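# Got a predicted structure here, sequence first:
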Amino acid sequence: MKLRLPFLKNPPLVSVVRLSGAIGMSGRGSLSDQTIAPVLEKAFRRGKPDAVALELNSPGGSPVQSALIGTRIRTLSEELNIPVYAFVEDVAASGGYWLAAAADEIWADDNSIIGSIGVISAGFGAHEFLARQGFERRVYTAGESKSMLDPFSPAKKADVTRLKALLGGIHDNFITYVQARRGDKLDKNATLFTGDIWLAAQATELGLIDGIGHLKPQMIERFGDKVQFRRYGPRRPFMSRFGVQMAQDALSGIEERAAFAQFGL
């Protein structure tokens, strides 16, 4: 146990929180507000840290969970007057960039992939396959939009129009958030919100991140070589250690790998 004496100045303390993986998927390691909230609470409140550093590596995922986590980070930061620094590893894209933008400063490796400020909805259509196999699709609803985008029925133009309107609204919210968080740092003459991605050097020029740098050197430069680091992360459920959730985790792992693969990772 470390003895803290009131008349001695304690060295600077940085709480480190790892935010890794796809956001809002069903697996044990998935990032969601429910799983990460207690971790963030501890990181901000324990030991009176001088800063919170986020180790970030996410290809994105649920826009709602991204917004909830980002809001929680900002609320704690402003309530306790603690600055937040994000350090991107492989990727901070889509919802992953939403999380990064919750920080006061964003730093990345030379090879980090940044951006993908857009919204996507993907599915499949199996109606022709079912017809060839002699299956008949029967759907009964109360409400004309209840079976919207049924993958076993032909796509309807009205359904696609509705979906695009929803995606457009979420995209507008994403853009507003990034503009509010990055402010005058953004290159006003650049086209930033098409879903494109950039390496760290380009992202720096565009104002999407603050520069190229890694966690420990940056924090030492800012707080001195006496700075201490305290790591926080979610605990694995007891029964999951014995393989109880192996099937679910295997499926979510495939889903997560697909999310990373779209960025060549």
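All right, it came through fine. Numbers count the residues shown, from 1 in each chain.

# Would you map the helices across the stretch 51-200 of the chain?
Taking DSSP state H, counting those that start in this stretch, the helices of the stretch 51-200 of the chain run over residues 63-80, 95-100, 127-132, 157-182, 200-206.

# The stretch 1-150 of the chain: strands as residue ranges?
Ranges of strands within the stretch 1-150 of the chain are 13-20, 51-58, 84-93, 105-108, 113-115, based on DSSP state E, counting those that start in this stretch.

# follow-up on the earlier one: among the helices of the stretch 51-200 of the chain, which comes closest to Asp50?
Between Asp50 and the helices of the stretch 51-200 of the chain, the shortest gap by Cβ to Cβ is with helix 63-80, which sits at 11.0 Å. The C-beta positions use only the backbone N, C-alpha and C, and glycine is treated the same way.

# Was I right to think Ser121 contacts Ile170?
No: look at Ser121 against Ile170 with Cβ atoms under 8 Å: they stay out of range, at 9.5 Å.

# Between those two, which is the more surrounded one?
Remark: of Ser121 and Ile170, Ile170 carries more neighbours, 15 against 10, as counted by other Cβ atoms under 10 Å.

# Put together a markdown table for the helices of the stretch 51-200 of the chain, with distance to Lys188 on each row.
As requested, those are exported to a markdown table (distance: least, Cβ to Cβ, whole Å):
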| stretch | distance to Lys188 |
| --- | --- |
| helix 63-80 | 23 |
| helix 95-100 | 18 |
| helix 127-132 | 46 |
| helix 157-182 | 10 |
| helix 200-206 | 10 |
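
# Of those, flag the one that's most buried.
By mean neighbour count, with neighbours taken as mean count of other Cβ atoms under 10 Å, helix 95-100 ranks first of those at a mean of 28.

# which helices and strands sit right next to that one?
The helices and strands touching helix 95-100, judged by 3 or more Cβ pairs under 8 Å, 6 or more residues apart in numbering; DSSP states H and E, are strand 51-58, helix 63-80, strand 84-93, strand 113-115, helix 157-182.

# if we compare the strands of the stretch 1-150 of the chain, which one ends up closest to Lys185?
Nearest of the strands of the stretch 1-150 of the chain to Lys185, taken as Cβ to Cβ: strand 105-108 at 9.5 Å.

# rewinding a little: distance to Gly195 and mean pLDDT for the helices and strands packed on helix 95-100 - can I get that in TSV?
What follows is the helices and strands packed on helix 95-100, written out as TSV (distance: least, Cβ to Cβ, whole Å; pLDDT from 0 to 100):
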stretch	distance to Gly195	mean pLDDT
strand 51-58	16	97
helix 63-80	13	97
strand 84-93	9	97
strand 113-115	8	97
helix 157-182	9	89
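
# Figure out which of these is closest to Thr194.
Here strand 113-115 is closest among the helices and strands packed on helix 95-100 (Cβ to Cβ), at 9.1 Å.

# tell me how far the closest one is from the chain's mean position?
From the chain centre to the centre of strand 113-115 is a distance of 12 Å (Cα atoms, centre = their mean, to the nearest Å).

# what does that strand rub up against?
Strand 113-115 is contacted by residues 88, 90-93, 97, 100, 108, 192, 195-200, 203, 208-209, 263-265 when judged by Cβ atoms under 8 Å, 6 or more residues apart in numbering.

# Mind giving me the PyMOL select for these, buried ones only?
Per 16 or more other Cβ atoms under 10 Å, the buried members of those correspond to this PyMOL selection:
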select buried, resi 88+90+91+92+93+97+100+108+192+197+198+199+200+203+208+209+263
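
# so which of the helices of the stretch 51-200 of the chain gets nearest Gly213?
The nearest among the helices of the stretch 51-200 of the chain, by Cβ to Cβ, is helix 200-206 at 9.4 Å.

# helices and strands around the helix or strand just after that closest one, which ones?
Once the chain leaves helix 200-206, the next helix or strand it forms, by DSSP states H and E, is strand 211-212. Judged by 3+ Cβ pairs under 8 Å, 6+ apart, the packing partners of strand 211-212 are strand 105-108, helix 200-206.

# Describe which strands the first one pairs with in its sheet and in which direction.
This points to strand 105-108. Sheet pairing of strand 105-108 (DSSP bridges) gives strand 84-93 (parallel), strand 211-212 (parallel).
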